[in-house]
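[1] quick one, fold the following:
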Amino acid sequence: MEYLHWHPVPTPRCVYAHEMGHALHHQHQEEIDNIIKKLWGRGWAHAISNYALHNKREFVAEAFSLYIENRIEAKKRLHAELFKFFESLDKGIK
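    Down below sits the predicted model:
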């Protein structure tokens with residue numbers, strides 16, 4: 001998948017997933033922030049999109065939109081712990 005300036009996959013579904021990523025981050029802030037503090041500053045945002053570099057909230061939203069739009073690509077580009085967290089929520093287990 002090509003590295004894009006704004007969103008990793010710029011579709012209406014991706015934009016919706018991005019905004020849902022913000023809601024997900026708000027709902028699971030402590031758990032997600034515990035994962036992010038291990039990743040932030042280690043280059044993981046570069047693997048997602050330029051927009052993910054703005055701040056931790058945008059990093060989560062961009063990561064979640066990538067997860068929703070293309071799980072195969074997400075598994076390659078997201079840190080394993082963050083991918084597993086999204087997957088556990090998707091399966092209804094945490």
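
[2] centre-most residue in this protein?
    Note on the chain: the residue nearest the mean C-alpha position is A63, at 1.4 Å, using CA atoms, centre = their mean.

[3] could I get the buried residue list for the helix or strand containing it?
    Assigned by DSSP states H and E, A63 belongs to helix 56-69. Buried residues in helix 56-69, defined by neighbour count with 16 or more other CB atoms under 10 Å: 56-69. To be clear about C-beta, it is placed using only N, CA and C from the backbone, and glycine gets the same treatment.

[4] elements contacting that helix?
    helix 12-27, helix 29-39, helix 71-77, helix 80-90 (3 or more CB pairs under 8 Å, 6 or more residues apart in numbering; DSSP states H and E).

[5] the shortest one packs against which elements?
    Right, helix 71-77. Using 3+ CB pairs under 8 Å, 6+ apart, helix 71-77 is in contact with helix 56-69, helix 80-90.

[6] likewise for the longest one?
    Contacts defined by 3+ CB pairs under 8 Å, 6+ apart place helix 12-27 against helix 56-69.

[7] what mean pLDDT does the helix it packs on get?
    Averaging pLDDT along helix 56-69 gives 92.

[8] equivalent analysis for stretch 19-36, please.
    Averaging pLDDT along stretch 19-36 gives 96.

[9] how far off centre is it?
    The chain centroid and the centroid of stretch 19-36 are separated by 9 Å under CA atoms, centre = their mean, to the nearest Å.

[10] what about it, start to end distance?
    Start-to-end span of stretch 19-36 (CA to CA, to the nearest Å) is 18 Å.
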